[in-house]
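Engineer: heads up, no residue letters with this:
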């Protein structure tokens, strides 16, 4: 791991528990914001799809005790296995409020211009508690077609595809036995919506 990586910092934490010296290896990561976006004009969720190297590596190295080195077998493990379906979100890497950072992510990734005060805070939690424990703040934001000002897709070298999904389609993502290539945050966000927001749209 390059020491100058702006995203992750590997470290070892030493501590004493029950009078025994212990240690655990960790990765320090940036905190993040996550946004559940729902287009009220067409009653559809707005998701993002993108390639995640960590997901690709996780699938590629399944069953292996060491990190594979060298070129990947792209015929056996095509890049598509690393593409995930996610909620809009991004790193907290600016000296701005969480609502403002979330607003910027909605614009950059999905192309909707919204106000920071339209972000409904849902809750804060932590992910990867066994290795990184990065803090995440989840928001809910309703948008309409009139607020669509660009195609989105991210900034700099990001390659992000905007995906729209109906309530019926999304509900299948959280049914027993469903499989998704995204993280638990995606599922948590959908479950929250169907519990607290879906009834307002006459969806049960």
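Structural biologist: Yes, it's here. Model, not experiment: these values are computed from the prediction.

Engineer: would you list every one of the strands in the chain?
Structural biologist: 8-17, 20-29, 32-39, 44-51, 83-86, 88-91, 120-127, 134-143, 161-166 (DSSP state E).

Engineer: for the ones you listed, which one sits closest to residue 179?
Structural biologist: Residue 179 sits nearest to strand 83-86 of all these, at 11.2 Å, using Cβ to Cβ. (Each C-beta comes from the backbone N, C-alpha and C, glycine too.)

Engineer: and that closest one, what's its mean pLDDT?
Structural biologist: In this model, strand 83-86 carries a mean pLDDT of 96.

Engineer: now, of the strands of the chain, which is deepest in the fold?
Structural biologist: Comparing those by mean neighbour count (mean count of other Cβ atoms under 10 Å), strand 32-39 ranks first with a mean of 23.

Engineer: which helices and strands does that one pack with?
Structural biologist: The contact analysis (3 or more Cβ pairs under 8 Å, 6 or more residues apart in numbering; DSSP states H and E) places strand 32-39 against strand 44-51, strand 88-91, helix 98-105, strand 134-143, helix 184-196.

Engineer: Tabulate these in a markdown table, adding columns for distance to residue 15.
Structural biologist: Formatted as a markdown table, the helices and strands packed on strand 32-39 follow (distance: least, Cβ to Cβ, whole Å):
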| stretch | distance to residue 15 |
| --- | --- |
| strand 44-51 | 36 |
| strand 88-91 | 27 |
| helix 98-105 | 30 |
| strand 134-143 | 20 |
| helix 184-196 | 26 |
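
Engineer: Perfect, I'm done here.
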